[in-house]
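>>> Would you be able to build a 3D model of this:
(chains A and B)
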Amino acid sequence: MALIKTSYGRRSFLKTSAMAGGGLVVGFSWLASCNPSPKEVAEMPKEWFEINGYLKIGDNGMATIMSPNPEIGQNVKTSMPMIVAEELDIDWNNVLVEQAPLNTTIFIRQLAGGSQSIRQGWDGLRMAGATARHMLKQAAAKQWEVPVEEVTTEAGVIHHKSSNRSVGYGEVASLAATLTAPEEVELKSLDEFKIIGTATRNVDGKKIVTGKPLFGIDQYEEGMLTAMIVHPPAFGLTLKSFDDAEARKMPGIKDVFSIKTYEKGKAKSMFDADAFPELIVVVGNSTWEVMNAKKTIKAEWQPFEGYEEEFANFSGDGSFSVKVPGGMENTNSHKEKMEALSAKLAKEARKDGNPASAFKKAAKIVERSYTAPFLAHNTMEPMNFFANVTADKAILSGPIQTPEFMEKSVSSRIGLPLDKIEIQMTRQGGGFGRRLYGHFVVEAAVISQKMKAPVKLVYTREDDMSFGNYRPAYHARYRAALDEDNNLIGFHVRAGGIPESPLFANRFPAGAVENYLAESWDVPSNISVGAFRAPRSNFIAGAEQSFLDEVAEAAGKDPIEFRIELFEKAKNNPVGENNDYDAERYAGVLKLAREKSGWNGNTTGNVYRGVSAYYCHNSYVANILDMEMKEDKPVVKKVFCAVDCGLVVNPIAATNMVEGGTVDGIGHAMYSGLTFKDGKPEQVNFDRYRLIRHSEAPKDIEVHFVKNNEHPTGLGEPPFPPIMGALANALYKATGQRHYDQPFITKRPVVS
Amino acid sequence: MADFKLNINGESRQVSIDPNTPMLWVLRDHLQLVGTKFGCGIAQCGACTIHIEDVAVRSCQLPVSAVGEQKITTIEGLSKEGEHPVQQAWLEQDVPQCGYCQAGQIMSATALLKANPSPTDEEIDQAMNGNICRCGTYTRIKKAIKSAATTAQNS
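Model prediction:
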C-alpha cells in the first residue's frame, strides 16, 4: 500500500448534503425508475449514510457509488464506480450505481470527451474510495477502542484480527459519516486489486434489455409539452419570416414562435457552436401532432453576410475566432478548392533536416493524396433535452457531454444564476462528440421559459442530420523519399480541410525520419463542424497508414517490419523535438498484433491482409484485418486488435469499446459521407445516409491488450481511426486497387 | 380523433387519438411504453421494432388504425423481468454500449428465432440488417442470437 496525500481534489471528499452527523439520505431514483422486485426492495437498506460525495453506505452494508461523468456508451457508468469500489474494498455485488448530477463543488471534469474520463478520473476515484474505507476503519477502531492501524478490511467487513472481532461497513457507517476526511490515505497496490481487472458487466444492462426509461428522450412529466424546431434548410441561410397560420389551427398545438438561441455579442464557449441561432419553434401536446404541424410552416429564408465569431478556449483562458463566410456551398467546389490548395505551398507546421534536398537526391519518390467527406454524427438517439424553467429555478435533464459548459450557457441566456440551474444527466443514446455542442440544451431552456411549462425538445432524424456539427471534409497529400537502399530519407505531409486541417505535425513518422516537413492549410466554411470521435485522427490515421503501406511496398519491405524499423530509429535516435508518442509502446502493439494473427506478410488462400497502427488520445492500437472477396464484394472476415491503454480497468467493457470502434471505423471508411448542394445536406436520413449494417460488420474481432501497469488511458476514441488504414490496405491486396477517397464503397443498400 | 382498443403485452389498452398516429408515438407518448425507440421515423433503422402477432414490424410506419385486434408485443412485454432467453443472452454477452438501439435489436432477434429457431449466419444478417447500431455491437449481437438459439433448443 502507498500512503497518498488527499490534497488532490480534496473538495471531492465533501458531502453533497449539508447534514452533519451523517443523516438519512432519501429519494433514490434507482427505486423510482426500475420497478424493483419485492426481493430487491427487501434487500435495500433502511438508511443510507453519506461518507463523501462519491458514495453512501447503507445500514445493511450496501454501497451506492456515484458515477460522475456522462455515459454515452463508453461504459464509464460501470468502470468509474469500479475504481471507487476497489479502494473502498467492497463486494461488487453489494454496489448500486447512480448517475451523479452536475456538481462542480464535488466532482472534477464531468465531461465525456477526449477519452479522458478514466485517465483523468483515476486518482480522484481511487482516493474517494480509499478515504471512505479509512473513515469506516476509523469508526470501527473507535468502537473497539483499538488503534486504527490494527484494523483491516476485506470485501465490506472490518476486522481486528488480534481480538478476533469483525464488523460490517453498514454497522459503522453512521459513525463513519460523522468523521472528518483524513489528511492522507492508503491506496491499494496494484497486485491487491480484485475488482479492477475483472470483467464486470454493464450496470445498466438489465434496464437496457427490458426497455426501462433511461434516455433523455424517454422523459415524461405531468404537464410536459413537446417542442420541435424548424431550422434553415441550408447552411448560409437565416430566417426572414414565416407563416404559421395553418400550424396554429392543428390539433394539440399550443404555440408557434421564433427564438434566438444565442444572442449576438454574448460570450460563447467553444461548445456553443451553433449554425442556426435563430429558429422557428412549434410546441404542442404530443410528438406526432407537433411533427405534423411543423410540416405546414411556410418559412422564408435569406442568405446572410459573412461574419466572424469569437469562442472562449476550452480552459476558459483566451479565445479564438472563426470566420463564417456567406454563401451556399457545394461539395463539388469543395473538392476543387481542396485539390487546388493541396498543390500549393501551405503553412509550415514542422520541419526537420532538409526535406528539399532529400527529395532532390531520392532514388524513388512516392506521392499520393487522400480525401474524406463531411460526416454526420448520427447518434441513434436524436438530439433532445428536457427543461423546466420557472421564475427562480431551471431544471434541465437529458443527454449532454458538456453539462458544466452548458450550465453557464443557459445561465447567461435565461438570466438565472448558476446555483439556480440544475442539470441531470440521463444515459445517452450515443455521443461521438455531437453532444459536446449543446445548443439544444439552451433551446429547450428558452422554450420552457417562454411557455412557462416543462418542455421536452426533440429533433427528428432529419433535423439531427441537417443541423450537425459535422466531421470536416479533409485532404492529405503525402510524399516519401527513398534512397537507393530503400531507406526512408524524406517525408512530407501537406494536409488541410474544410474548415480545419487534420494535421498533427508531431505525430509519427515525425521523429523517425531525418528530413521531415509538415504543412497545413484550411478553407473557411459556414457548414458547422465539431469534434467527431477522434477528431482529425479519424481521417489522418487512415491516410497516413495507407500511405506507409505503399511506401513499404515501394521499398520492398514487409509493412510491419518497415514500421518497426522506423520506431527503432525514433526510440534510439529521435529526430527533432516534441515527438508525440512513445515509440516502444507504439511498436509494442504492432508486435502483439503480428504475434496474435500469425502474420507472415503473405496472402493465405483467399484471405487478404492489411495492417495499421495509430496512437491518439493516450492509447495505442494496431489492427490486422483479414478480407475475402465474395462475388466481387469485399467481406471483412476477421480483425485482430492489439491495444495498449495501460492498466485495463474493466476487460469486458474495454473489449466492447475496441470491437465497437473497429466496426464504426470500417463503417465510416466504407460507406458514410455527407454531401452538400447549394448549402443543403443531400442526405438527411438513413435512406440516403449510409451507416454500416449487420451483414457488413466483421465476422469476427479478436481483441488483445498489452499487459502492463501504465496509468490507465481511454478507449472511446483510440480504436476508431487506425482500422481505416488496415481496411484500405486489405482492400488493395484483395482487389489490386488502392483506395484513396472515402467512402470506399458508395452503392446504397436495399432495406426492405 | 377516434377510439382504439389495443391488445398490448397481454393487456387491453384504450386510446383516443388521430387514426394516422404511428404506433411508435401511441406507445411512447400516450401509453408511456418508452422502451420502443424513435430513431429515424422512416423504417430504416429498426429502433422502433415491435411484434405484431410475433412478427417484427417497424412501429414508426404503422398507423394505429391498421392494428385492429392483433396482438402487440413491445420490449416491455417480452418477459416479466428480462428472463427471455434472448434478453439473457444479451446480458451474458454484455452486448449494449449506449443501449439505445438494443430494444429494437432484441425485438428483431426474438421474432427471427420464433420463426427460425436455428438461423445460419446469413439468415441472421438478413433478418437483422434493418437494425442499425451506431456503436457497432453487431458481432456481439450475432453471438447473443446464436447463444439464445442454443439455449432455447436445449431447454
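
>>> hey, let's count contacts and neighbours off CA atoms from now on
Will do.

>>> what residues does the helix or strand hosting B:Asp3 touch?
Element membership for B:Asp3, per DSSP states H and E: strand B:2-8. If you take Cα atoms under 8 Å, 6 or more residues apart in numbering or on different chains as the criterion, strand B:2-8 is touched by B:12-19, B:64-65, B:67-74, B:77.

>>> May I have the helix or strand just after that strand exported as PDB, CA atoms only?
Remark: after strand B:2-8, the chain's next helix or strand is strand B:11-17, criterion DSSP H and E. Presented in PDB, the C-alpha positions along strand B:11-17 are these (Å, rounded to 0.1, in the frame of the first residue of the first chain):
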ATOM      1  CA  GLU B  11     -53.400  -6.100 -21.700                       C
ATOM      2  CA  SER B  12     -56.200  -4.200 -23.200                       C
ATOM      3  CA  ARG B  13     -55.400  -0.500 -23.600                       C
ATOM      4  CA  GLN B  14     -57.700   2.300 -24.900                       C
ATOM      5  CA  VAL B  15     -56.600   5.400 -26.700                       C
ATOM      6  CA  SER B  16     -58.500   8.200 -28.200                       C
ATOM      7  CA  ILE B  17     -56.300   9.500 -31.000                       C
END
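
>>> Quick one: mean pLDDT for the helix or strand following strand B:11-17?
Per DSSP H and E, the first helix or strand lying C-terminal to strand B:11-17 is helix B:23-25. For helix B:23-25, mean pLDDT is 98.

>>> Ok, stretch A:646-659 next?
Here the average pLDDT along stretch A:646-659 is 98.

>>> In CSV, please show the C-alpha coordinates belonging to it.
Coordinates of the C-alpha atoms in stretch A:646-659 are reproduced here as CSV (Å, rounded to 0.1, in the frame of the first residue of the first chain):
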residue,chain,number,x,y,z
GLY,A,646,-2.2,0.9,-19.7
LEU,A,647,-3.9,-0.9,-16.9
VAL,A,648,-7.3,-2.3,-18.1
VAL,A,649,-10.0,-1.3,-15.6
ASN,A,650,-12.8,-3.5,-17.0
PRO,A,651,-11.7,-6.0,-19.6
ILE,A,652,-15.1,-6.8,-20.9
ALA,A,653,-16.1,-3.1,-21.4
ALA,A,654,-12.7,-2.4,-22.9
THR,A,655,-13.1,-5.2,-25.4
ASN,A,656,-16.5,-4.0,-26.2
MET,A,657,-15.2,-0.5,-26.9
VAL,A,658,-12.5,-1.8,-29.2
GLU,A,659,-14.9,-4.0,-31.1
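
>>> can you list the domain ranges for chain A.
Domains of chain A are assigned by automatic domain parsing as A:2-209, A:222-308+A:392-458, A:520-735.

>>> thinking again about what came up before, of the contacts of strand B:2-8, buried ones?
B:18, B:64-65, B:67, B:71-74, B:77 (16 or more other Cα atoms under 10 Å in any protein chain shown).

>>> Throw those residues into CSV and include distance to chain A and pLDDT, thanks.
Below are the buried ones among the contacts of strand B:2-8 laid out as CSV (distance: Cα to the nearest Cα, whole Å; pLDDT from 0 to 100):
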residue, distance to chain A, pLDDT
B:Asp18, 9, 97
B:Val64, 12, 98
B:Ser65, 14, 98
B:Val67, 17, 97
B:Lys71, 19, 98
B:Ile72, 15, 98
B:Thr73, 12, 98
B:Thr74, 9, 98
B:Gly77, 9, 98
